[in-house]
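A.B. asks: sequence-free structure coming up:
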Ligand code: GAR
């Protein structure tokens, strides 16, 4: 059984999708063993507590820089004996020491079809604002491995979602969460836990 550590920073609806999938037996050979938040008092922590999942807070504001924060995160992940680290709405970019310690063992969900609307500054509602500003007719979500390049690691799963005429960033965000993120994140986690994901020359091959 692989130990899954989930990193959060906010409301935690993607964490909830993982918890629900776990309850429904859809995370095969994996268990969420810890939730770590970069902020205190976020609802994601409440969701974990309501489901008897141990939590830790590593408050980004308690650390002077990314290097010291990354070091503390690495220590926490090692203490938790993480086999898989999931960024579920985790809004802090860690330095390369962390992703080098967990090569192809950290996955992130991003609310757009990478390589569109991704990289530094593209997070949360900003992603959907940019998609609407451009006028794309399709957006969606991507689950990918985390590397030192922000949103640049090997792509595991993507799901497209239609943009509609009267969309606001909030409406588009909700549709992308419901139709894409909450589905492909648990699916990718389960595939990983079953050792069904291989990375060859920077590309993911999924054994269905
Ligand atoms: C989600 O849409 C997630 O994809 C996005 O933030 C939201 C967090 O929601 N993540 C990023 O933008 C990371 N670059 P949640 O806390 O309800 O899961």
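C.D. replies: Now that the structure is in, tell me what you want to look at. Keep in mind it's a predicted model, so treat the numbers as computed, not measured. Residues are numbered from 1 along each chain as shown.
A.B. asks: Show me the contact partners of whichever strand or helix holds residue 183.
C.D. replies: Remark: residue 183 resides in helix 182-193, with elements defined by DSSP states H and E. Defining contact as Cβ atoms under 8 Å, 6 or more residues apart in numbering, one finds that helix 182-193 is touched by 2, 4, 13-14, 16-18, 20-21, 26-30, 83-84, 86, 88, 107, 109, 141, 143, 156-159, 197, 206. Glycine gets a C-beta too; all of them are placed from N, C-alpha and C.
A.B. asks: Quick one: list the elements packing against the next helix-or-strand element following it.
C.D. replies: Per DSSP H and E, the first helix or strand lying C-terminal to helix 182-193 is strand 197-200. If you count contacts as 3 or more Cβ pairs under 8 Å, 6 or more residues apart in numbering; DSSP states H and E, strand 197-200 packs onto strand 203-206.
A.B. asks: Show me which residues of the protein are close to the ligand?
C.D. replies: 10-14, 44, 88-89, 109-111, 123-124, 127, 177, 181 (Cβ under 6 Å from any ligand atom).
A.B. asks: Farthest pair within the residues you listed?
C.D. replies: 44 and 127 (18.7 Å; Cβ to Cβ).
A.B. asks: What about the closest residue to the ligand within the chain, how many residues nearby?
C.D. replies: Residue nearest to the ligand within the chain: residue 89 (2.7 Å; Cβ to the nearest ligand atom). For residue 89, the count of nearby residues is 23 (other Cβ atoms under 10 Å).
A.B. asks: who are the neighbours in contact with it?
C.D. replies: 8-15, 44, 109, 124.
A.B. asks: For it, what is the enclosing helix or strand?
C.D. replies: Using DSSP H and E, no helix or strand contains residue 89.
A.B. asks: What pLDDT is listed against it?
C.D. replies: pLDDT recorded at residue 89 is 96.
A.B. asks: Could you check how far it is from residue 79?
C.D. replies: Residue 89 is 23 Å from residue 79, where distance means Cβ to Cβ, to the nearest Å.
A.B. asks: Determine the longest helix present in this protein.
C.D. replies: The longest helix of the chain (DSSP state H) is helix 66-79.
A.B. asks: helices or strands up against it?
C.D. replies: Packing partners of helix 66-79 (3+ Cβ pairs under 8 Å, 6+ apart): strand 30-37, helix 96-101.
A.B. asks: can you list contacts of the longest one?
C.D. replies: This points to strand 30-37. Contact with strand 30-37 is made by 1-9, 15, 18-19, 22, 44-45, 48, 53-58, 73, 76-77, 80, 82-84, 189-190, 192-193, as judged by Cβ under 8 Å, 6+ apart.
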